[in-house]
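Chemist: sequence first, predicted model second:
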Amino acid sequence: MSRLLPILTALSVGLFVALGLLTKGWLEPSGHSVFDSYLTGYSAETARAYLTALTSEQTALYLGLFRWLDTVFPIILALTLGGFIWTQASGAAKPLRVLAAVSPGVYLVFDLSENAAVAYLLWSGPEVAEAAIKQASTYTMGKWISLGLAALVCIWAWRMVPKNEVTT
């Protein structure tokens, strides 16, 4: 895992940069932000305003290349975080080490669920049901909370777990 970690890290950074470029360059019409960027979620009014502001080309980009990258990114990021935790928590008891290393999977589930819910919003357009907006917004908040918790587990593994000489 320790040899694979730099590759996963580079892929995570590259995908994040690509998503940021697409977001800033093409998916923020009239100052609106993409759904993924709201740390505390978004209201039905905010979601509908964004959906109304998107052109058909922007919607196609969001549902096409952006969605593909935003599906691959959380998978690679979860593997990166899990791999980092695994290598850094070498001194932890095996069950705790395994549990800690798979904890970024919670983030992965929320992010992929958010992506599916946002795709539904985009397909539905501004007339989308308020319940669908609330569900997507809840997944967005869950994604950010679980990513923050995964980061805390990384810090725990890096700074607080005793290190063994050999990592696997």
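Modeler: Structure received. Residues are numbered from 1 along each chain as shown.

Chemist: for the protein, just list every one of the helices.
Modeler: Listed in chain order, the helices of the chain (DSSP state H) span 5-26, 44-53, 56-61, 67-88, 94-102, 104-124, 130-159.

Chemist: would TSV of those helices with distance to residue 35 be doable?
Modeler: Every C-beta, even on glycine, is put in place using the N, C-alpha and C of the backbone. Formatted as TSV, these follow (distance: least, CB to CB, whole Å):
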stretch	distance to residue 35
helix 5-26	11
helix 44-53	7
helix 56-61	12
helix 67-88	10
helix 94-102	27
helix 104-124	5
helix 130-159	6
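
Chemist: tell me the buried residues in stretch 3-17?
Modeler: 5, 8, 9, 11, 12, 15 (16 or more other CB atoms under 10 Å).

Chemist: which one is residue 2 nearest to, not counting chain neighbours?
Modeler: residue 87 (5.2 Å; CB to CB, 6 or more residues apart in numbering).

Chemist: could you do residue 41 as well?
Modeler: Residue 41's closest residue in space is residue 137 (CB to CB, 6+ apart), at 3.8 Å.
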